[in-house]
Every structure is written in structure tokens, then in C-alpha cells.
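Q: Using only what follows, build the 3D model:
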Amino acid sequence: ESKNRHDGNMTLDQYLADKIGGDTRFPSLTVGSEGGIHGGCQMSWTRSGVRIPPITAPAELFDKLFKSDTTAQRAHRVRETQLQASILDSVLEEAGDLSQRINREDRNKLDEYFSSIRDVEKKIEIRKRWAKHPKPDAPFEKPANTNTVDDLPMLYELIALALQTDSTRAVTVQIPFWEGFKEPDINGNYHDLSHHGQKPEKINKLLMLEHAILKRISAALNTMKERKAGNQSLFDQTTTLLTASMGSANAHNFDDLPALVFDGHMKTSGHWRRKDVPMSNLYLGLLQQFGAQRDRFGESAGAFDLLA
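A: Here you go, the predicted structure:
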């Protein structure tokens, strides 16, 4: 189905990265887990259908944001980038010659190939641009990795710093519920409780666990309110979307998906319920809010106007 769309299965964060990420060292950052039953984080996909593997732990994210290369490492990266650019030039030349000698179906496949090459070209250009620019100073020592759940507060702290230092303007975070996500006073983990079978005891524990998760997210948002970027708080300059992949994990149901949007520009707060409206309508509304000139995204049937 995604082959019939202009942008394939490109995800919201990657479209925004193309739109607003060109002036930052990292057009986007994806943070998540490579464990679980579905083969790792599936949150971020490029226009050419390539999954973006996530940063999985605080130490890795810290190094990415603050650890600068040595002089020898920088020289090596420059040579590596030059070699990759040279190889791409050769590939493009050969592919251009080939496009004149193939049928329409094969040309469509070649167009997909060209799209992948353009993604690589963008990465090479960004790498060239930032090769000689030092990374910001680290505000604290490199954190140790503990486990996926306990690492979340530090990951949120580092994400706030990534935005505050303008290292990136688009971040996707996957909360890995299936990896034993639990609270000290609750027996059972999230995945088990979400398949509650309508048992009241499990549902009550699930609600307690979800409230605990929201408290963690609230703490991260409060941190953004306390941080300044220019004359405004980081929170006031950021749009945050929190959503889920299922409406009911117990039934594996994809209807009535929940979504929370935090944005200081919204004129009306509260709870809205929309029946039979694609989630892509919300995504399209967010894209338009960031200046995207488009009238469709994914399966959208219109744009949800968040500022109305």
C-alpha cells in the first residue's frame, strides 16, 4: 500500500527532519529499544523505506551529543566521507546510463534506488558541514547504562539537552513497555497487564502503571519548562506528541488510538474525541503547523487544525 504513496511509508519525524532539520548536526534522533517481540524499534522510516535503528542507551546518546573526535578520527572521517561521495558519483553515473535502457517497471524500481541514494547524499553533506565544528561541552560526566526502564529519566534529560543545544530539532522516543516495565508496588509488568482479559484486578494495576508512566513524561516536560533556549523556555518552543500503537492491547485493536499533544500555541486545551478519523489527520495538522505545504499524509482525509 505504501508504494502507492508519494512518500512511501516515510514517518512523521523523518518528514519533519527534512523540513526543519537541515541546520542541525543531527536532522533527527531516534531513541528506543532493539529488544522485544517485534524485532526492535519500528518508529522511524525514511522515504525510501529504510528503518532507522534507535539509540538504545544513555551512554550512546551522550557520546553522540558531546564526545568529539580526535584529530586523527576527524581526518579519517573526512577521508571516509570523500570516498563515499566518490562512490556515489560513480553509482549515479552508471544508474543514469542504465535508466535509458530499461522498461517502465524497472525504471520505477530504479527511482526507488535513486531515492535511497539521495538519502545517503544528504547524510554525506551534513557530515561534511559539521566535520570541523566542535560539539557542545558536556554538562556532566558520561552516564552509565543500567536497564531500559531505569534509563528513561536520563534519556529524557539528554533529549532535553539535545534540543537545548540545537543539536537536533526532531526527536522520536519509544517507551519499551514490553521490557519488564513495572513499578515497585505492582505485581506484573506492562505487557502482561495490558492483556488483562477484562479482569478488574489487572485493569486497576494497569491504570496505576500507566499513571506512573505519565508521571515520568510529565517530569520530562517540566524539565523542558525550566530550561531556557534564547528568551523562551524549551517547552514553549517545542511541540510534543505522545501516542500509542493500539487502542486496546487486550484486543489488539487499532481503533480509538489515544494521542496527547503539548504545544504552547494551542488556543484550546481539553479532551477531543473523533470517531472514524484517521490518526494521519493529526499528523498532517502537525506538519502544516511546521509550514509543510501539503494536503495529504499517509491515510489522511483532511488536516486536524490544532491551533483553531
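Q: Report the rounded mean pLDDT for whichever strand or helix holds Asp106.
A: Using DSSP states H and E, Asp106 sits within helix 104-130. The average pLDDT for helix 104-130 rounds to 71.
Q: Give me the helices and strands touching the helix or strand following it, please.
A: Using DSSP H and E, the helix or strand that follows helix 104-130 in sequence is helix 152-164. Contact here means 3 or more C-beta pairs under 8 Å, 6 or more residues apart in numbering; DSSP states H and E; on that basis helix 152-164 packs against strand 29-31, helix 58-66, strand 171-173, helix 200-226, strand 228-229. Yep, even glycine has a C-beta here, placed from its N, CA and C like the rest.
Q: Pull the residues that contact helix 152-164.
A: Helix 152-164 has contacts (C-beta atoms under 8 Å, 6 or more residues apart in numbering) with 26, 29, 31, 58, 61-62, 65, 139, 143, 167-169, 171, 173, 175, 216, 219-220, 223-224, 227-229, 234, 238.
Q: ok, back up a step: and of the helices and strands packed on helix 152-164, who's closest to His271?
A: Smallest distance to His271 across those (C-beta to C-beta): 14.4 Å, for helix 200-226.
Q: ok and the closest one relative to helix 152-164, angle-wise?
A: Orientation of helix 200-226 against helix 152-164 (axes from the mean of the first three to the mean of the last three C-alpha atoms, to 10 degrees) gives an angle of 30 degrees.
Q: buried sites along helix 200-226?
A: Neighbour counts over helix 200-226 (16 or more other C-beta atoms under 10 Å) mark 202, 205-206, 209, 212-213, 217, 220-221, 223-224 as buried.
Q: for stretch 131-140, same thing?
A: In stretch 131-140, counting by 16+ other C-beta under 10 Å, buried: Lys135.
Q: Likewise for stretch 164-175?
A: By 16+ other C-beta under 10 Å, the buried positions in stretch 164-175 come out as 164-165, 167-175.
Q: ditto for stretch 238-256
A: 238, 249-250.
Q: tell me which of those residues is nearest to Ser194?
A: Using C-beta to C-beta, Ala249 comes nearest to Ser194 of these, at 3.7 Å.
Q: what about the residue lying closest to the closest one once chain neighbours are set aside, neighbour count?
A: Leaving aside its chain neighbours, Ala249 sits nearest to Ser194 (3.7 Å; criterion: C-beta to C-beta, 6 or more residues apart in numbering). Ser194 has 19 neighbours, counted by other C-beta atoms under 10 Å.
Q: Relative to Ser28, how far out is Ser194?
A: Distance, Ser194 to Ser28, using C-beta to C-beta, to the nearest Å: 28 Å.
Q: Then Gln232?
A: Gln232 sits 22 Å away from Ser28 when distances are taken as C-beta to C-beta.
Q: Same drill for the two, tell me which one is more crowded.
A: For Gln232 and Ser28, the more surrounded residue by other C-beta under 10 Å is Ser28, and the numbers stand at 21 against 12.
Q: tell me the contacts of the more buried one?
A: Counting by C-beta under 8 Å, 6+ apart, Ser28 touches 13-14, 16-17, 21, 44, 52, 168, 170-172.
Q: okay, and for the stretch 151-300 of the chain, where does confidence drop off?
A: Scanning the stretch 151-300 of the chain for pLDDT under 70 picks out 177-181, 267-268.
Q: wouldn't the residue nearest to Ala249 be in contact with Leu206 here?
A: Yes. Using C-beta atoms under 8 Å, Ser194 is in contact with Leu206, at 6.2 Å.
Q: I'd assumed Ala170 was in contact with Leu16.
A: Yes. With contacts counted by C-beta under 8 Å, Leu16 reaches Ala170, the gap being 4.8 Å.
Q: on that earlier part again, export the buried residues of stretch 238-256 to CSV and append columns for distance to Lys132 and secondary structure.
A: Output for the buried residues of stretch 238-256, formatted as CSV (distance: C-beta to C-beta, whole Å; DSSP: H, G, I helix; E, B strand; the rest coil):
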residue, distance to Lys132, secondary structure
Thr238, 29, coil
Ala249, 48, coil
Asn250, 54, coil
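Q: Can you tell me which of these is closest to Ser48?
A: Among the buried residues of stretch 238-256, Thr238 lies closest to Ser48 (C-beta to C-beta), at 28.0 Å.
Q: Please report how far that closest one lies from Thr46.
A: Relative to Thr46, Thr238 is positioned 23 Å away (C-beta to C-beta).
Q: Could you do Glu183 as well?
A: Distance of Glu183 to Thr46, computed by C-beta to C-beta: 36 Å.
Q: same check, this time on Gln14
A: Gln14 is 6 Å from Thr46, by C-beta to C-beta.
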